[in-house]
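Peer 1: Prediction below, plus the sequence it came from.
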Amino acid sequence: AQTIHQWPVAEIKAVGSPLSLGCTIKGKSSPNLYWYWQATGGTLQQLFYSITVGQVESVVQLNLSASRPKDDQFILSTEKLLLSHSGFYLCAWSPGLGASAETLYFGSGTRLTVL
Amino acid sequence: QQKVQQSPESLSVPEGGMASLNCTSSDRNFQYFWWYRQHSGEGPKALMSIFSDGDKKEGRFTAHLNKASLHVSLHIRDSQPSDSALYFCAASDGTNTGKLTFGDGTVLTVKP
């Protein structure tokens, strides 16, 4: 069975400080990987997606960056946090089989508070 | 205008009752729909997908899709307190980028 693990569970950071969030998927080779952002109680907004190692596409510009250093790992980062970065960050994967529509499977998320 | 609109914003039903959630898309490119459920503090979990007109039933959950009107609904029969959560409708135009467009969600409360 596939498992997805996000770290850390929660972060409290100061404005202007750097950030790195991580996500690891086990039990599935070459998945499509995604980062989503969710305001408290709000809708989900896709930030980045990756269909292969080393290749990441940006969907929205939020002064964030993402990288996929390994097939099973996805990293979200920024050098300078803004207050607007606060929220719930969710990593997700899909099978990447080239189907017209694939279900996304989400991790348990990282709660980020920027002060 | 948001491309995926959900109604109602919140819904309260008694335990054992029927909950009905609605979703309408304003983009005719959306052909694929999902319902996700999110409990507080957790990531969303896919309940079911529906890609063809008509009904799709999985246990207590039934989804209905009408592509002509771009309307999809979710009906939960015999609602349980554990069904209390935020429910999202999500839609895709079929490109393989996982770019699901989510609605704003419906908060369902099932009262014992």
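Peer 2: It's in.
Peer 1: Surely A:Cys91 is in contact with A:Cys23?
Peer 2: Yes - the criterion here is C-beta atoms under 8 Å, and A:Cys91 meets it with A:Cys23 at 3.3 Å. To be clear about C-beta, it is placed using only N, CA and C from the backbone, and glycine gets the same treatment.
Peer 1: ok, the two, which is more surrounded?
Peer 2: Using other C-beta atoms under 10 Å in any protein chain shown, the more surrounded residue of A:Cys91 and A:Cys23 is A:Cys91, with 30 against 26.
Peer 1: can you list the residues of chain A near chain B?
Peer 2: Proximity of chain A to chain B, by C-beta under 8 Å from any C-beta of the partner chain, involves residues A:32, A:34, A:41-46, A:49, A:51, A:57, A:59, A:90, A:92, A:94, A:96, A:98-109, A:111.
Peer 1: filter those to the buried ones?
Peer 2: By neighbour count, with 16 or more other C-beta atoms under 10 Å in any protein chain shown, the residues of chain A next to chain B hold A:32, A:34, A:43-46, A:49, A:51, A:59, A:90, A:92, A:94, A:96, A:101-107, A:109, A:111 as buried.
Peer 1: and A:Tyr34, bridged to which residues?
Peer 2: Beta-bridge pairing for A:Tyr34 (DSSP bridges): A:Tyr49, A:Ala92.
Peer 1: anything in contact with each of A:Cys91 and A:Cys23?
Peer 2: A:Ile4, A:Gln6, A:Leu33, A:Trp35, A:Phe74, A:Leu76, A:Gly107 (C-beta atoms under 8 Å, 6 or more residues apart in numbering or on different chains).
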